[in-house]
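Asker: Could you look at this predicted model? Sequence included:
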Amino acid sequence: MKITKVDTDVIRIPLDKPIGSALGEIRDFGCVLVTLTTESGVTGENLIFTLNNRRTQVLCQMVNELSDLVIGCDAGHIAHFWAKAWKDINFFGHKGISIMGISALDGALWDAFGKSLNAPLYRLLGGAKTHVPAYHSGGLWLSRSIPELVEEAESFVDMGFKAIKMRLGLDNPRDDIERVKAVRRAIGPGIKLMADANQGQTESKAIRLGRMLEEYDLTWFEEPLPAWDVEGLARVAEQLDTPIASGETEYTRYGFKRMLELRSADILMPDLQRVGGVSEFVKVAHLAESFDIPVSSHLFSETSLQVLGGLNNSIFLEYMPWFSPIYNEKIDFYNGQAVVPERAGWGFTFNQDYIKHLKHSSH
């Protein structure tokens, strides 16, 4: 089943209104949609993206430049593609945009492979679970007022979610605490609450804030430090009782190996785009399992769901509905858990009508 063609398409997805985190304001996304076509007519789809539609064309060009490595290759020989691509990007380096390009093609290959066998990805990866606990991550932004936070948190619980995530990172840590306190009071002790600092703290501030947060029983305190400071993160993790979650900005098994050796985080959260696609996400999860460390996902809710379903040590799907309108199918939830689809490949396919609408409206 040879790949005969790789198509890339660039679209812009606007947000209804801007949102704020410690990393800055987010207004829209630039998405690169990848479609592989095989000689038998089976297609494989995947997407990667940029924040605020910045350098989207550079990302697209990276995918296009790597696509010659899959043309003429068997869609099931994904490890062979990955090894070739790893060698090919040596001059550019093994982090950043070159890995994102590999991820885009890797995911599309897995989708095509699953469709060719009429099997969902999670079964091809070992079939660990049919349901994955989900937390709602699509709100509770730093730009929200406390009354808005409370209203939104209650709405997520009303939707059936048993876990939700809010953002931290105001100049005065006491203001962050007031917001956490208000949300915890609104949702009660039975709903899990995560808090994400979006890399906005220093080591001493993170420890201080983390200690102030202890009484609110957070499921985790996420990314308190800049992604490159894995040594500092290990010291923060050692000082706090609240579990530390991190890894969404880390690349490949080598980056995560260092995090695991240092005990930088209690929960690893690989991002399908940055980690190196499905192939590398699975390697990282298996590596983490040897340290008895669980994994969660970062963004890409529809596609991450299949990967998490194939892993014994997956504990949460991040439900972020940014890209959901791009797909024909929707995630089904049952009792606060996301149901892993039994449909072939990802189990989610591009909604071409919506994509055409976005292209038309952007002109």
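Answerer: All right, it came through fine. As the structure is a computational prediction, the values presented were derived from the model and not from experiment. Residues are numbered from 1 along each chain as shown.
Asker: from the chain's centre, how far out does the lengthiest strand in the chain sit?
Answerer: Counting residues, the longest strand found in the chain (DSSP state E) is strand 3-21. On the basis of CA atoms, centre = their mean, to the nearest Å, strand 3-21 sits 15 Å off its chain's mean C-alpha point.
Asker: Can you pull out the low-pLDDT segments for the stretch 251-363 of the chain?
Answerer: For the stretch 251-363 of the chain, applying pLDDT under 70 flags the ranges 362-363.
Asker: sorry, back to before: may I see the buried residues of the longest strand of the chain?
Answerer: By neighbour count on 16 or more other CB atoms under 10 Å, the buried set for strand 3-21 is 3, 6, 8, 10-13, 19, 21. No exception for glycine: its C-beta is placed from N, CA and C like everyone else's.
Asker: and the least confident of the residues you listed?
Answerer: pLDDT is lowest at Ser21 among those; the value there is 84.
Asker: now the helices: where do they sit in the stretch 201-350 of the chain?
Answerer: Remark: helices assigned in the stretch 201-350 of the chain by DSSP state H, counting those that start in this stretch are 203-213, 230-239, 252-262, 272-275, 277-289, 301-309.
Asker: Restrict the last one to CA atoms and write it as PDB.
Answerer: Which is helix 301-309. Extracted C-alpha coordinates of helix 301-309, given in PDB (Å, rounded to 0.1, in the frame of the first residue of the first chain):
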ATOM      1  CA  SER A 301      -8.200  16.000  21.700                       C
ATOM      2  CA  GLU A 302      -9.600  13.900  18.800                       C
ATOM      3  CA  THR A 303      -6.400  12.300  17.800                       C
ATOM      4  CA  SER A 304      -4.700  12.000  21.200                       C
ATOM      5  CA  LEU A 305      -7.800  10.000  22.400                       C
ATOM      6  CA  GLN A 306      -6.700   7.000  20.200                       C
ATOM      7  CA  VAL A 307      -3.200   7.100  21.500                       C
ATOM      8  CA  LEU A 308      -4.200   7.300  25.100                       C
ATOM      9  CA  GLY A 309      -6.500   4.300  24.500                       C
END
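Asker: circling back: possible to save the buried residues of strand 3-21 as CSV with distance to Leu233?
Answerer: As requested, the buried residues of strand 3-21 are exported to CSV (distance: CB to CB, whole Å):
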residue, distance to Leu233
Ile3, 40
Val6, 37
Thr8, 35
Val10, 34
Ile11, 35
Arg12, 34
Ile13, 31
Ile19, 25
Ser21, 18
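Asker: How about the secondary structure of Glu25?
Answerer: At Glu25 the chain is in strand, as set by DSSP: H, G, I helix; E, B strand; the rest coil.
Asker: per-residue pLDDT, it?
Answerer: With respect to pLDDT, Glu25 has a value of 91.
Asker: again with the one 5 residues further on
Answerer: Listed pLDDT for Gly30 reads 97.
Asker: That one: how many residues sit nearby?
Answerer: Using other CB atoms under 10 Å, Gly30 has 21 neighbouring residues.
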